[in-house]
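Colleague: return atomic coordinates for the entry below.
(chains A and B, ligands or ions: 2)
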Amino acid sequence: MAEPVRTDVVIIGAGPVGLFAVFELGLLDLKCHLIDILDRPGGQCAELYPEKPIYDIPAWPTISAQGLVDRLMEQIAPFRPGFTFNRMVAGLEKLEDGSFRVTTDEGEIFEAPVVVVAAGGGSFQPKRPPIPGIEAFEGESIFYSVRRMEEFRGHDVLIVGGGDSALDWTLNLQPLARSMTLVHRRPEFRAAPDSVNKMYALQETGGLEFQIGQVTALKGEGGRLEAAVVKGPDGDVEIAATRMLPFFGLTMKLGPIADWGLNLHENLIEVDTEKFESNVPGIFAIGDINWYPGKLKLILSGFHEAALMSQAAKRIVSPGERIVFQYTTSSTKLQKKLGVA
Amino acid sequence: MAKITYVAFDGTRFDVEAEDGSTVMENAIRNGVPGIEAECGGACACATCHVYVDEAWTDVVGEPEAMEEDMLDFAYDVRPNSRLSCQIRVSDALDGLVVTVPERQG
Ligand SMILES: Cc1cc2nc3c(=O)[nH]c(=O)nc-3n(C[C@H](O)[C@H](O)[C@H](O)COP(=O)(O)OP(=O)(O)OC[C@H]3O[C@@H](n4cnc5c(N)ncnc54)[C@H](O)[C@@H]3O)c2cc1C
Ligand code: FES
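Modeller: Residues are numbered from 1 along each chain as shown, chains lettered A, B, ... in the order given. Ligands and ions are numbered 1, 2, ... in the order given. Coordinates of the predicted model:
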């Protein structure tokens, strides 16, 4: 078993609300570790709408979603939070001493007296393209990510999509594959121009096939894919394929949170509005993942929830210690923590 | 104002009076047209408001912009007359518009 990482607060989800919680907890001297299935911080802001302007962040008449994430990262930097990316939190259990053990899908273990669920709409997971019968091939011949490149060696590989993941894996797996076909619905891509040029160059020399169209049907038995039918501009074409990688972006799924014994209200964690604590003392929920009467799924509501939650978290981590209410403008103590005094 | 007709996948027709400046997606949601999900609320970030514009109307409605084309990559059964309904703004010119809802939204 992996050596557990101990900290004051484990935060599940590094969206804007999880990030700001680091600041509020940090002012109260609590150390945080964040875990997110994405490969970078920012949650929905970074994954779904990085370039779009947000108009309702107090004192920012307009700020891009990625800009907000960058500023939050800058704001919490003095507290040096720990980050574990590309991992889904799979398990959450209470230990005998009253603290919690958080485990990831890769077996890492984190232990802390307080857990903050800031999981938004749930884990980001690859979208399954709605091709009839696709489920039967998943995990056997159809994959949504590449864990080991060797699994593709000597195969007829079919990659579907027009973004960077599709193009990158087309280029990376092409030398290993018996044949490589890229299918995209149009000749324009949402990928780095350099990758697109490389792909077209390989097509010129016969290193791969690029087919315009959309996959409409799959052929094969017992999970073993043999071919895919692609509806192209000139009708249906059948493409030999024993491995397929569809890249259709990410969607949010609640995931394992439903199994942690927390009271849910329509897939959201029920909390009180004093501490934003769940029915399990010591487990808090803030941001889009929580529910209480009057809840608004806004970033600014999540920030407020983070501030109140932190007071309650402090009482659990440092019982009996008096919490003095202070302003960042006037308290040298707080300013020292922020590295400005 | 413009009258917009939504044809659901099962063929049911919904006639809606839409205000200028609103989007074709918003009017579908307000009137409970089945099959339009609009998960992202019209930010052109989810591709679950996909519709087919009636062939007679494609010239009036126009082509999707680059950002919408990128999002359409995530939709199912995309055709030359596919649009994301949150990106179609209603005006008097669209009076009589007919759009069809696809079998599924991704
Ligand atoms: C297109 C669009 C426009 C928006 N515009 C605005 C706006 O103008 N103003 C506004 O206030 N809000 C807006 N929102 C809403 C805003 O983005 C959300 O309220 C905000 O992102 C919620 O933050 P969060 O930190 O609670 O959750 P999220 O941003 O959803 O982040 C949660 C993170 O937790 C991770 N996670 C979940 N479960 C697990 C697990 N088990 N293991 C590991 N990681 C996990 C997820 O991968 C995700 O990264 C908009 C949303 C969208 C989609
Ligand atoms: S509502 Fe999400 S793209 Fe139109």
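
Colleague: distance from the chain centre to stretch A:277-297, please.
Modeller: Distance, stretch centre to chain centre, for stretch A:277-297: 19 Å (C-alpha atoms, centre = their mean, to the nearest Å).

Colleague: compute the first-to-last residue distance for that stretch.
Modeller: Stretch A:277-297 has an end-to-end distance of 17 Å (C-alpha to C-alpha, to the nearest Å).

Colleague: please tell me how far the residue in chain B that ligand 1 sits nearest to sits from residue A:279.
Modeller: Nearest to ligand 1 in chain B, going by C-beta to the nearest ligand atom, is residue B:43, at a distance of 3.3 Å. Any C-beta I mention is one placed from the backbone N, CA and C, and that applies to glycine too. Distance, residue B:43 to residue A:279, by C-beta to C-beta, to the nearest Å: 34 Å.

Colleague: which residues touch the nearest residue to residue A:266 once chain neighbours are set aside?
Modeller: In space, and not counting its chain neighbours, residue A:266 is closest to residue A:291: 7.2 Å by C-beta to C-beta, 6 or more residues apart in numbering or on different chains. With contact taken as C-beta atoms under 8 Å, 6 or more residues apart in numbering or on different chains, residue A:291 is in contact with A:265, A:266, A:268, A:269, A:270, A:271.

Colleague: do you know the pLDDT at the second one?
Modeller: In the predicted model, residue A:266 carries a pLDDT score of 91.

Colleague: that one: neighbour count?
Modeller: Using other C-beta atoms under 10 Å in any protein chain shown, residue A:266 has 6 neighbouring residues.

Colleague: which non-adjacent residue is nearest the residue in chain A positioned nearest to ligand 2?
Modeller: Proximity of chain A to ligand 2 (C-beta to the nearest ligand atom) peaks at residue A:48, 9.5 Å away. With C-beta to C-beta, 6+ apart as the criterion, residue A:48 has its nearest non-adjacent residue at 4.9 Å, and that residue is residue B:45.

Colleague: same question, residue A:293
Modeller: In space, not counting the residues next to it along the chain, residue A:293 is nearest to residue A:273; the distance is 8.0 Å by C-beta to C-beta, 6+ apart.

Colleague: do residue A:45 as well
Modeller: Take residue A:45 and drop its neighbours on the chain: the residue closest to it by C-beta to C-beta, 6+ apart is residue A:65, 3.8 Å away.

Colleague: what's the neighbour count on the one you found?
Modeller: Residue A:65 is flanked by 25 other residues according to other C-beta under 10 Å.

Colleague: cool, the one 4 residues further on as well?
Modeller: By the other C-beta under 10 Å criterion, the neighbourhood of residue A:69 contains 22 residues.

Colleague: repeat that for residue B:13.
Modeller: Using other C-beta under 10 Å, the number of residues around residue B:13 comes to 11.

Colleague: can you mark which positions in the helix or strand harbouring residue A:231 are buried?
Modeller: Secondary structure assignment for residue A:231, by DSSP states H and E: strand A:224-232. By neighbour count on 16 or more other C-beta atoms under 10 Å in any protein chain shown, the buried set for strand A:224-232 is A:225, A:227, A:228, A:229, A:230, A:231.

Colleague: where does pLDDT dip in chain A?
Modeller: Residue ranges of chain A with pLDDT under 70: A:1.

Colleague: for the residue nearest to the spatial centre of chain A, give me its contacts.
Modeller: Central residue of chain A (C-alpha atoms, centre = their mean): residue A:38, 3.1 Å from the mean position. Applying C-beta under 8 Å, 6+ apart to residue A:38 gives the contacts A:14, A:46, A:47, A:85, A:86, A:124.

Colleague: sorry, back to before: give me the distance from the strand holding residue A:231 to the chain's centre.
Modeller: Taking C-alpha atoms, centre = their mean, one finds strand A:224-232 lying 30 Å from the centre of the chain it belongs to.

Colleague: how about stretch B:63-71?
Modeller: With C-alpha atoms, centre = their mean, you get 13 Å for stretch B:63-71.

Colleague: same question for that stretch, mean pLDDT?
Modeller: 92.

Colleague: that older thread, give me the subset of the contacts of residue A:38 lying in helices.
Modeller: Taking DSSP state H, the ones among the contacts of residue A:38 that sit in helices are A:46, A:47.

Colleague: looking at chain B, which helix or strand does the model trust least?
Modeller: For chain B, counting by mean pLDDT, DSSP states H and E, helix B:66-72 ranks last in confidence among helices and strands (a mean of 91).

Colleague: packing partners for that helix?
Modeller: In terms of contacts (3 or more C-beta pairs under 8 Å, 6 or more residues apart in numbering or on different chains; DSSP states H and E), helix B:66-72 is packed against strand B:82-84.
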